[in-house]
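> after the sequence you'll find the predicted model.
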Amino acid sequence: MLNKRSKFIFSMLCFGFAFLYIPIALVVIYSFNDSKLVTIWGGWTLKWYVELFNNENILNAALLSFRIAAITATFATIFGTMAGLILARLKQFRGRMLFTGMIASPLVMPEVITGLSLLLLFVSLQDLIGWPSQRGMNTITIAHITFSMAYVAVIIQSRLTEINESLEEAAMDLGAKPARVIWDITLPIIFPAMISGWLLSFTLSLDDLVISSFVSGPGSTTLPMLIFSKVRLGVAPDINALATILIAIVTIGVCIAAAIINKKNKN
Amino acid sequence: MNEEQKSYIEIRGISKYFGNFAAVDKVDLDINKGELFSILGASGSGKTTLLRMLAGLETPSEGTIKIDGIDMTQVPPYKRPVNIMFQNYALFPHMSVFDNIAYGLKKEGLSKDIIEDKVANILSLVKLEEYGKRKPNQLSGGQSQRVALARSLIKEPKVLLLDEPMAALDKKLRQSTQFELVDIQFQLGVTFIIVTHDQEEAMTLSDRIAIMEQGKFVQIGEPNSIYENPNSNFVADFIGNINLFNAKITSTNDDNASFYCEALGGEIVIKKSIQDQNVKDVTLALRPEKMIIQKESPSDEDTNFISGVVEDFGYFGNLSIYRVRTNNGDIIQVSKQNRMRTEQPIKWEDEVYLSWDNENLIILEK
């Protein structure tokens, strides 16, 4: 029997889920819509998926986006973990305040500003040392790493502050040098946090439109940029199909990550 | 204690400042080989900081630490012949019990066979032979504590430091573990330094106790001497229960000192001379178990006694503790062994007489 209170909570739950997932469900359903007009239902079809896989532009953009996202996530996890370790474990050093602020700034900085300043950096670097000779995948990746690592650093730092420092001290007491302690004790314990950091950076990079637009060059159109330019000409049903595939990939990714983290915790 | 024998651990003028705050303030300490030494203090007294300096986890602001004649002050923790057992045990959550214990040996680069042998030995010493494959989160509090102990003993350190070793255990387990700990210490002959805030624990475990307060030692001695001869109000009050009375010295000669103490009914003579002529105000201290409480007035003319009314009492089975309000309005604590089953107990509002032997009064200069 549901009493009044739990009925209320239950309806709030339904409302919350509806608010979050109905738009997504609509996209998925309309991706199977056999009608050129997005808002009119014309029966089921898979033709938009076929069309999607025949569209080289979209496939190239998707491939580029995934490559950028994977490289970004990997480097952001490495750098972000290092920054998080320093923030959580080095109590006092010169410029700590500055360092903390610099790590946090990409989180609060408007994307337009980040994008613009990175563009200025790349342009003036090109003038000074001739690198990067051309803006493209490299510059987008570097830009994505700079803001993604801030998120990873925050995740790692908060995980590390939960872990009692005496674990690391115990390892040192038992004869492990500081570098060894990080490898033997700290990294295995924060491994789940590193995975979530990797996934978050991957998603952030895959999702980013504004910064990519600033630092991209000819021939380096990422998926969000392509979608955005297509949507400006009107919502096409093949975009729905693309969105559905992305949703499926993200869902699978999140499930795998959750499974890994769960297994890790159980052991 | 042999004076000629050089002390095993020599701490000289050790201080640790955090900003302007001295957590440990110019401390000297000598500890002998094989001793079970406790550092007892309230939280914030600096005892853990001192322990961490011995382990090398904090660098002293000044002073030196020598262990077995070798200066350890600047030696990093991973090179010290010292191991520490943390209050929260700090077992590595991602390693099995076996791997936790073997960790120190692996860092020494010993061969697999030797490691397996040693771990098996120490597991049987702490009675956990069957638990090698478990993970720390599958252990009870008592088992975790034994694993932590095994892990810190496996490298056969010259000194084992224990930070509040029993704090996370329940009372019954604590008592049995205390005896086991003493047993293991005796078997291995390792010097133990225990930091604790639990005076009972310090009293039962230790050969000697140092009482720490605001970064300094206030008294160092055997449990019995600290209990019976505290050197200050602080120590007297800190260890066990005690009644403190203000008193004035009225006269003193080579054998005796006379006091006037209103709370104890006036003139008190104690067979002890007071050297310092300037001392006038003192505190007389008297432990609750060194008084007799009874309903009848003591018949002996020479006995010191005062009368009062029982305001409150606690029954503990083996003994009862009474709070008696004397006719002066002071509250005095008295404990009484419940020797006879059939005895008519003393209850609230009962008129009682408290008597004591003057030799049991401790004179504390203010």
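Structure's in. What do you need? Numbering: from 1, shown residues only, chains lettered A, B, ... in the order given.
> for the stretch 101-250 of chain B, what spans make up the strands?
Counting by DSSP state E, counting those that start in this stretch, the stretch 101-250 of chain B has strands at residues B:159-163, B:191-196, B:208-213, B:216-221, B:243-252.
> so what strands line up beside the third one?
Meaning strand B:208-213. strand B:36-41 (parallel), strand B:216-221 (antiparallel) (DSSP bridges).
> returning to what we had before: I'd like the strands of the stretch 101-250 of chain B written out as CSV, with mean neighbour count and mean pLDDT added.
All C-beta spots, glycine's among them, are computed from the backbone N, C-alpha and C. Shown next, in CSV, are the strands of the stretch 101-250 of chain B (neighbours: other Cβ atoms under 10 Å in any protein chain shown; pLDDT from 0 to 100):
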stretch, mean neighbour count, mean pLDDT
strand B:159-163, 24, 95
strand B:191-196, 25, 95
strand B:208-213, 23, 95
strand B:216-221, 18, 95
strand B:243-252, 17, 89
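> any chance of those strands in a markdown table with distance to A:A25 as columns?
Putting the strands of the stretch 101-250 of chain B into a markdown table (distance: least, Cβ to Cβ, whole Å) gives the following:
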| stretch | distance to A:A25 |
| --- | --- |
| strand B:159-163 | 56 |
| strand B:191-196 | 60 |
| strand B:208-213 | 66 |
| strand B:216-221 | 70 |
| strand B:243-252 | 77 |
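> quick one: closest of the strands paired with strand B:208-213 to A:I261.
strand B:36-41 (41.7 Å; Cβ to Cβ).
> pull the CA atoms of the closest one into PDB?
The C-alpha trace of strand B:36-41 is given here as PDB (Å, rounded to 0.1, in the frame of the first residue of the first chain):
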ATOM      1  CA  LEU B  36      56.900  -1.400  26.700                       C
ATOM      2  CA  PHE B  37      56.600   2.400  27.000                       C
ATOM      3  CA  SER B  38      53.400   4.400  26.900                       C
ATOM      4  CA  ILE B  39      52.900   8.000  26.100                       C
ATOM      5  CA  LEU B  40      49.600   9.000  27.700                       C
ATOM      6  CA  GLY B  41      47.900  12.300  27.100                       C
END
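> would you mark the buried spots in the helix or strand encompassing A:G16?
A:G16 belongs to helix A:4-30 when elements are defined using DSSP states H and E. By 16 or more other Cβ atoms under 10 Å in any protein chain shown, the buried positions in helix A:4-30 come out as A:27-28, A:30.
> figure out which of the strands of the stretch 101-250 of chain B is closest to A:E165.
Distance to A:E165, taken as Cβ to Cβ, is lowest for strand B:159-163 among the strands of the stretch 101-250 of chain B, at 13.3 Å.
> direction included, what does the closest one pair against?
Counting by DSSP bridges, strand B:159-163 is paired with strand B:82-85 (parallel), strand B:191-196 (parallel).
> which residues sit against that strand?
B:8-9, B:48, B:51, B:54-55, B:67, B:81-87, B:152-153, B:190-195 (Cβ atoms under 8 Å, 6 or more residues apart in numbering or on different chains).
> which of those count as buried?
Among these, the ones that count as buried by 16+ other Cβ under 10 Å are B:8-9, B:48, B:51, B:54-55, B:67, B:82-87, B:152-153, B:190-195.
> what does the stretch 101-250 of chain A have sitting close to chain B?
A:164, A:166-167, A:169-177, A:180, A:184-185, A:188-189 (Cβ under 8 Å from any Cβ of the partner chain).
> and B:D30, what element?
strand B:21-31.
> what comes up buried for that strand?
Neighbour count says strand B:21-31 has B:22-25, B:27, B:29-31 buried, by 16+ other Cβ under 10 Å.
> so what strands line up beside the lowest-mean-pLDDT helix or strand in chain B?
The helix or strand of chain B with the poorest confidence is strand B:266-270; it has a mean of 85 (mean pLDDT, DSSP states H and E). Sheet pairing for strand B:266-270, assigned by DSSP bridges, gives strand B:257-261 (antiparallel).
> mean confidence score for the strand it pairs with?
Averaging pLDDT along strand B:257-261 gives 89.
> next: stretch A:237-247.
Mean predicted confidence for stretch A:237-247 is 88.
> do stretch B:129-149 as well
93.
> now check it, is it near chain A?
Yes. Stretch B:129-149 lies within reach of chain A by Cβ under 8 Å from any Cβ, at B:K135.
> next, the buried residues of that stretch.
Neighbour-count burial for stretch B:129-149 flags B:131-132, B:134-136, B:139, B:142-149 (criterion: 16+ other Cβ under 10 Å).
> just flag the most distant two among the residues you listed.
Maximum pairwise distance among the buried residues of stretch B:129-149 (Cβ to Cβ): 17.8 Å, between B:K135 and B:L149.
> and the strands paired with strand B:208-213: which comes nearest B:L319?
Using Cβ to Cβ, the strands paired with strand B:208-213 put strand B:36-41 closest to B:L319, at 23.5 Å.
> okay, angle between the closest one and strand B:21-31 too, please.
160 degrees (axes from the mean of the first three to the mean of the last three Cα atoms, to 10 degrees).
> immediately after strand B:36-41, which helix or strand?
helix B:47-55.
> do that following helix and chain A meet at all?
Yes. Using Cβ under 8 Å from any Cβ, a contact is recorded between helix B:47-55 and chain A, made by B:A55.
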